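what follows is a predicted structure for the sequence shown.
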Amino acid sequence: MKKPVVAVAIGKEHYPRMFSQQAWDTLESFAEVIHHPAQEPAEKDELIHLLKDADAVITSWGVAQLDAEVLEAAPKLKAMAHMGSSVKRFVSDAFWERGLHLTSAGIALAQTVAETSVGMMLVGMKRIWPLGQHVRDGGWRDSPVWERWISRELFRKRVGIIGASNVGRHVIKLLEPYETTVLLYDPYVSEKEAAELGVVKMELDELLMEADVVSLHAPSTPATYRMLSAERLALMKDNALIVNTARGTLIDEQALIKELRKDRFFAFLDVTDPEPPAPDSPLRTLPNVVVTPHIAGCIENCNQLGELAVEEMRRFFAGEPAVYQITKEILERIA
């Protein structure tokens, strides 16, 4: 039986980061693999050439969109496995009209984002950043800075999760050893499902008033745009911590800056709006905020994404259910 042809479009420069030898061995066991020959991800004209005989394609960040022109040049194409989270930029109306099978490795990426989120909670609650700077400047525990940035623990605190996404759900799991009370805001989660997750379902305003830590894991949609407005940020408790590893558009950034200037709470932001922050943005200089350059997901080793993409390809050609299939309806809700 002839093997299906699977094209890898991510560029050879990214192979070590994205694919383990296990992934390559598995892929080559059931498919004929064709490679985009350049070092960087395939641009549109390169994708048109690459996919002319392909039954499926593996993509990741930087690959051109599968628009109508690309798909017209790929008459055999049946499936796409994306090594990343959001697939919105990579598909088109023509993609859905063709009825192509689409999967995302977002659930694998979600684990690394969740781990970073919890790490930020621990470091943020301890106020490690400002206190470390204080020691570097010659200080210690007997100073106004120590009293200003009280070092606290995550243990048995109330943690507010905004969005029961793949990341949000993994954060909930990772918080179990800390015996936290998890408060959840997600309009798509029922009371029954919240109980199964072991969380307390709340409205957003109530969550903001009660949480010691607020962690954002919602998608960027018109409904979530600046959902943390000036009015809602003002509801947060003094000495609280806000962590954003989702999207910068979820927070009204100017309102956040005003609140941070009051020294009421601390923020860890892996995403901003715009990204990166302007060179003169107060987010770069305020002592009670740490901005990291969008590093919450895997950076140096994303092999788990490649392994999942290969497994999705294997399942598709074996006629088995996908691990994480994306439909048009799902995509409209999550991104």
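Perfect, I can see it now.

domain map for this protein?
Per automatic domain parsing, the structural domains of the chain span 5-108+300-334, 109-291.

dump those domains into a markdown table; add mean neighbour count and mean pLDDT as well.
Backbone N, C-alpha and C define where each C-beta goes, glycine included. Output for those, formatted as a markdown table (neighbours: other CB atoms under 10 Å; pLDDT from 0 to 100):
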| stretch | mean neighbour count | mean pLDDT |
| --- | --- | --- |
| domain 5-108+300-334 | 18 | 96 |
| domain 109-291 | 18 | 95 |
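
the closest residue in space to residue 153 that isn't next to it in sequence sits in which helix or strand?
Using CB to CB, 6 or more residues apart in numbering and skipping residues adjacent in sequence, the residue nearest residue 153 is residue 125, 6.3 Å away. In the assignment (DSSP states H and E), residue 125 maps to helix 106-126.

that helix: what's the following helix or strand?
Taking DSSP H and E, what comes next after helix 106-126 is helix 128-136.

now that following helix against helix 106-126, angle please.
Taking axes from the mean of the first three to the mean of the last three CA atoms, to 10 degrees, helix 128-136 and helix 106-126 form an angle of 40 degrees between their directions.

not counting its own residues, what contacts helix 128-136?
Here helix 128-136 makes contact (CB atoms under 8 Å, 6 or more residues apart in numbering) with 123, 143, 145-146, 149, 151, 266, 287-288, 290.

would CSV of these with distance to residue 175 be doable?
Converted to CSV, those look like this (distance: CB to CB, whole Å):
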residue, distance to residue 175
123, 15
143, 32
145, 29
146, 27
149, 23
151, 19
266, 18
287, 27
288, 23
290, 20
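
list just the nearest of those to residue 64.
residue 290 (34.6 Å; CB to CB).

for the closest one, what are its contacts?
Here residue 290 is in contact with 120, 124, 129, 267-269 (criterion: CB under 8 Å, 6+ apart).

what sits against the residue nearest to residue 153?
So residue 125 contacts 151-154, 157, 212-213, 241 (CB under 8 Å, 6+ apart).

report the two of those residues separated the most.
Taking CB to CB, the two most distant members of the contacts of residue 125 are 151 and 213; they sit 14.5 Å apart.
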